[in-house]
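> The following block contains a protein sequence and its predicted model.
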Amino acid sequence: MGEKKNKSESAVAPVKKKKKKAALESNEIITLTNVSKAYSTGAPALKDINLHINRGEFVFIVGDSGSGKSTLIKLLLRELTISDGYINVMGYDLSRIRHRMIPKFRRNIGIVFQDFRLLKDRNVYENVAFAQRIIQKSNKEIKKNVPSILAIVGLAGKYKAKPKQLSGGEQQRVALARALINKPTILLADEPTGNLDPKNSWEIMKLLEQINENGTTVLVVTHNREIVNAMQKRVVTLKKGVIVSDEEKGGYIDED
Amino acid sequence: MRISSLFYTLRQGFSNLFRNKWFTLASIATISACLFLFGLFYAIVTNFQHIVKTAEQGVSVTVFFDEGIEDTRIQEIGELISKRPEVSQINFVSAEEAWESFKVEYLGEYADGFTENPLADSANYEIYLNDVSMQSALVTYLESVEGVRMVNRSEITATTLTGVNALIAYVSVGIIGILFAVSVFLISNTVTIGISVRKEEINIMKYIGATDFFVRSPFVIEGMLIGLIGAAIPLGFIYVMYNIVMDYVMQRFSMLSSLLSFLTVQEIFNVLTPVSLGIGVGIGFLGSIVTVRKHLRV
């Protein structure tokens, strides 16, 4: 019995290692191979997705509602598990990752949401410091890091304000500061400009571009045609759960 | 865990209490209400038990001896009786003592007419029991002992007290059952409110990469504090109420004071304080664990 078990384990291990090694060697940071996701009710949300994103890329993911964008984000965060295929993010095989390893995995991903998702009862400083407390940074380090990241997003003077006292643009900057403070490898922005006016939208996008120039891989899920067309980055278009286009320096494809 | 993280967690637990004031108040009120009923019930039942116990200790069995019995045999019988496990106390009453107390109690000045002790054969043992329900077994045994002429017992008192004891046991089980059901219902309601308040917060923490332990700890500390406060309030109320009620009963029904002996507030609180605080903290601990656990699977 024992021998048999060892044999089967050793048969699986090299395959897993090989895939991980291949992903690292090719500088690939996100790998989705033939990924499908079906919910228990209704039609599949994603069908046979193949997506490869390299370290340091800036990628827009566009598509109408129901196209599967949110599902993709949830799969990348390991909030959901895939139904079929293979998904690897930063060397973590997300269909096999243990529950207790998920927090550690997520600490390498900064995330920004359309609705900001700040802790409403805590001020700007505490909202940003929270991300550092999670990774058990000392108070001394937190006191050094938070002001400098708030300065980068242009909120140095508002560290005492509560989210309610801030404009939408400012709240999104707080969320961005929180996402960046732990120096993530990947930044996921889910409709970051969805609740913002054009001026604030552009400012946030410029910040994201700046972050990307400093080496962070940035994925932006958006509806904002103007921004996508103007920025001339890689654009992955989803439609009804399928990737219909993936272009370097692409534009927003209209739904017909 | 780093010291700074530990302090942060503790501080968060405390400040959570003030962040969701209504939730905190609702939870404290729920736990207080349950533990108030529990405390009230405990005070009443233990007093009943105490009264019954005191009454039981006053119930005695009297053993009379054969005529002309040797003193040594009486001593032997005494030793046999005191070895019985159900016996708590045994007193020897000599014929003279019996006559003296009879004279005082019933005859008064008429006793002077007697030159001899008419109760010459009424030397006896007064036996007190640990447990009244054992009385008939003891009587059967005593009647079989050589040298014993007669055994007097108070059958009615014994059966009544045994009955009261059984009744208290049934009522206790019944009320504890009802209280438990009410508590579970109230607490699960409060927890449901808590979930809606906390859902978003827990979600955000998990997205940023907080471990389950890190997310849970402040909530658990908060829950335990709520439990502690929720237990302390009814304890205070009961303490004050108990003293007032005892004073009132003693004044109003002073003629019953020889019959009813109540426990002191200290005796009640020696048990009630640790039990209530334990239940309060336990409910807070479990409640918060259950509340948070549902949302940790993000």
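Arrived safely, thanks for sending. Predicted, not measured: the structure shown is a model, and the values here were computed from it.
> and the residue most central in space within chain A, which of the three is it?
For chain A, the residue sitting closest to the mean C-alpha position, by CA atoms, centre = their mean, is residue A:188 at 2.2 Å. What DSSP: H, G, I helix; E, B strand; the rest coil gives for residue A:188 is strand.
> Is it bridged to anything, and to what?
residue A:111, residue A:219 (DSSP bridges).
> need the residues of the stretch 151-298 of chain B near chain A, please.
B:200-201, B:203-212, B:214, B:298 (CB under 8 Å from any CB of the partner chain). The C-beta positions use only the backbone N, C-alpha and C, and glycine is treated the same way.
> still on that earlier bit, please tell me how far the residue nearest to the centre of chain A sits from residue A:227.
Going from residue A:188 to residue A:227 by CB to CB, to the nearest Å gives 17 Å.
> ok, back up a step: tell me the one among the residues of the stretch 151-298 of chain B next to chain A nearest to residue B:40.
residue B:201 (36.8 Å; CB to CB).
> Tell me how many other residues surround the closest one.
Residue B:201 has 21 neighbouring residues, counting by other CB atoms under 10 Å in any protein chain shown.
> Is it in contact with residue A:117, as I believe?
No. Residue B:201 is beyond contact range of residue A:117, at 9.6 Å (criterion: CB atoms under 8 Å).
> Buried residues in the helix or strand where residue B:7 lies, which are they?
Here residue B:7 sits within helix B:3-19, counting by DSSP states H and E. For helix B:3-19, the neighbour count (16 or more other CB atoms under 10 Å in any protein chain shown) marks B:4, B:5, B:8, B:9, B:12, B:13, B:16, B:17, B:19 as buried.
> contact partners of that helix?
The contact list for helix B:3-19 (CB atoms under 8 Å, 6 or more residues apart in numbering or on different chains) reads A:121, A:133, A:136, A:138-139, B:1, B:24, B:214, B:217-222, B:225-226.
> ok, so of those residues, who is nearest residue B:139?
Closest to residue B:139, out of all of these and judged by CB to CB, is residue B:226, at 55.5 Å.
> Where does that closest one sit, in terms of helix or strand?
Residue B:226 belongs to helix B:212-252 when elements are defined using DSSP H and E.
> Chain B: helices as residue ranges?
B:3-19, B:21-58, B:71-82, B:95-102, B:135-144, B:155-208, B:212-252, B:265-293 (DSSP state H).
> I'd like these as CSV, with distance to residue A:38 and mean pLDDT appended.
Formatted as CSV, the helices of chain B follow (distance: least, CB to CB, whole Å; pLDDT from 0 to 100):
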stretch, distance to residue A:38, mean pLDDT
helix B:3-19, 39, 83
helix B:21-58, 38, 84
helix B:71-82, 82, 86
helix B:95-102, 95, 79
helix B:135-144, 74, 84
helix B:155-208, 24, 76
helix B:212-252, 28, 90
helix B:265-293, 27, 89
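> of all those helices, which lies closest to residue A:196?
Among those, helix B:155-208 comes nearest to residue A:196, with 19.5 Å by CB to CB.
> Tally up the residues packed near residue B:119, please.
Residue B:119: 18 neighbours (other CB under 10 Å).
> Tally up the residues packed near the residue lying closest to it once chain neighbours are set aside, please.
Leaving aside its sequence neighbours, residue B:119 sits nearest to residue B:99 (CB to CB, 6 or more residues apart in numbering or on different chains; 4.7 Å). Burial of residue B:99 is recorded as 19 neighbouring residues (other CB under 10 Å).
> Out of the residues of the stretch 151-298 of chain B next to chain A, which is nearest to chain A?
Among those, residue B:209 lies closest to chain A (CB to the nearest CB), at 3.7 Å.
> Get me the contact residues on the stretch 51-200 of chain A for chain B.
So far as CB under 8 Å from any CB goes, the stretch 51-200 of chain A lies against chain B at A:77, A:79, A:100, A:103-107, A:109, A:111, A:117-119, A:121, A:130-131, A:133-136, A:138-139, A:178, A:182.
> Go ahead and name everything in contact with stretch A:38-48.
Taking contacts as CB under 8 Å, 6+ apart, the residues outside stretch A:38-48 that touch it are A:34, A:35, A:36, A:37, A:68, A:71, A:72, A:75, A:83, A:85, A:241, A:242.
> one more time with 7 Å, if that's ok
For stretch A:38-48, the surrounding residues in contact (CB atoms under 7 Å, 6 or more residues apart in numbering or on different chains) are A:34, A:35, A:36, A:37, A:68, A:71, A:72, A:83, A:241, A:242.
> Next, count neighbours for residue A:244.
Going by other CB under 10 Å, the residues that sit close to residue A:244 add up to 12.
> Which positions in the helix or strand containing it come out as buried?
Element membership for residue A:244 (DSSP H and E) is strand A:242-247. By 16+ other CB under 10 Å, the buried positions in strand A:242-247 come out as A:243, A:246.
> How about stretch A:127-145?
A:127-135, A:137, A:139, A:142, A:145.
> Surely residue B:128 and residue B:54 touch.
No. Using CB atoms under 7 Å as the test, residue B:128 is too far from residue B:54 to be in contact (11.7 Å).
> higher neighbour count, those two?
residue B:128 (16 against 13).
> For chain A, which segments are assigned as strands?
Applying DSSP state E to chain A gives strands spanning A:28-38, A:44-54, A:58-62, A:84-89, A:92-93, A:109-112, A:186-190, A:217-222, A:234-239, A:242-247.
> Poorly predicted segments of the stretch 151-256 of chain A, please.
A:255-256 (pLDDT under 70).
> Identify the residue of it closest to chain B, quick one.
For the stretch 151-256 of chain A, CB to the nearest CB, closest residue to chain B: residue A:178, 7.1 Å.
> separation between that residue and residue A:37?
28 Å.
> and the two? which has more neighbours close in?
residue A:178 (28 against 22).
> burial measure for residue A:164, as a count.
Residue A:164, neighbours per other CB under 10 Å, totals 9.
> Show the contacting residues for it.
residue A:120.
> The stretch 1-150 of chain A: helices as residue ranges?
A:2-25, A:69-76, A:102-106, A:124-134, A:139-152 (DSSP state H, counting those that start in this stretch).
> and the ones you listed, which one is worst for confidence?
Note on the helices of the stretch 1-150 of chain A: lowest mean pLDDT is at helix A:2-25, with a mean of 46.
> Of the contacts of stretch A:38-48 - the most surrounded one?
residue A:72 (28 neighbours).
> That residue: what's it in contact with?
Here residue A:72 is in contact with A:46, A:61 (CB under 7 Å, 6+ apart).
> separation between it and residue B:248?
73 Å.
> residue nearest the centroid of chain B?
With CA atoms, centre = their mean applied to chain B, the nearest residue to centre is residue B:46, 3.6 Å.
> quick one: that one from chain A, how far?
44 Å (CB to the nearest CB, to the nearest Å).
> How about the contacts made by that residue?
Residue B:46 is in contact with B:263, B:268, counting by CB under 7 Å, 6+ apart.
> hmm, back to that, got the strands of chain A as JSON lines, with distance to residue B:105 columns?
Listed next are the strands of chain A as JSON lines, based on distance: least, CB to CB, whole Å:
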{"stretch": "strand A:28-38", "distance to residue B:105": "95"}
{"stretch": "strand A:44-54", "distance to residue B:105": "96"}
{"stretch": "strand A:58-62", "distance to residue B:105": "103"}
{"stretch": "strand A:84-89", "distance to residue B:105": "97"}
{"stretch": "strand A:92-93", "distance to residue B:105": "94"}
{"stretch": "strand A:109-112", "distance to residue B:105": "92"}
{"stretch": "strand A:186-190", "distance to residue B:105": "95"}
{"stretch": "strand A:217-222", "distance to residue B:105": "100"}
{"stretch": "strand A:234-239", "distance to residue B:105": "104"}
{"stretch": "strand A:242-247", "distance to residue B:105": "107"}
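> Show me the helices in the stretch 151-256 of chain A, by range?
According to DSSP H, counting those that start in this stretch, the helices that the stretch 151-256 of chain A contains are A:168-180, A:198-213, A:225-231.
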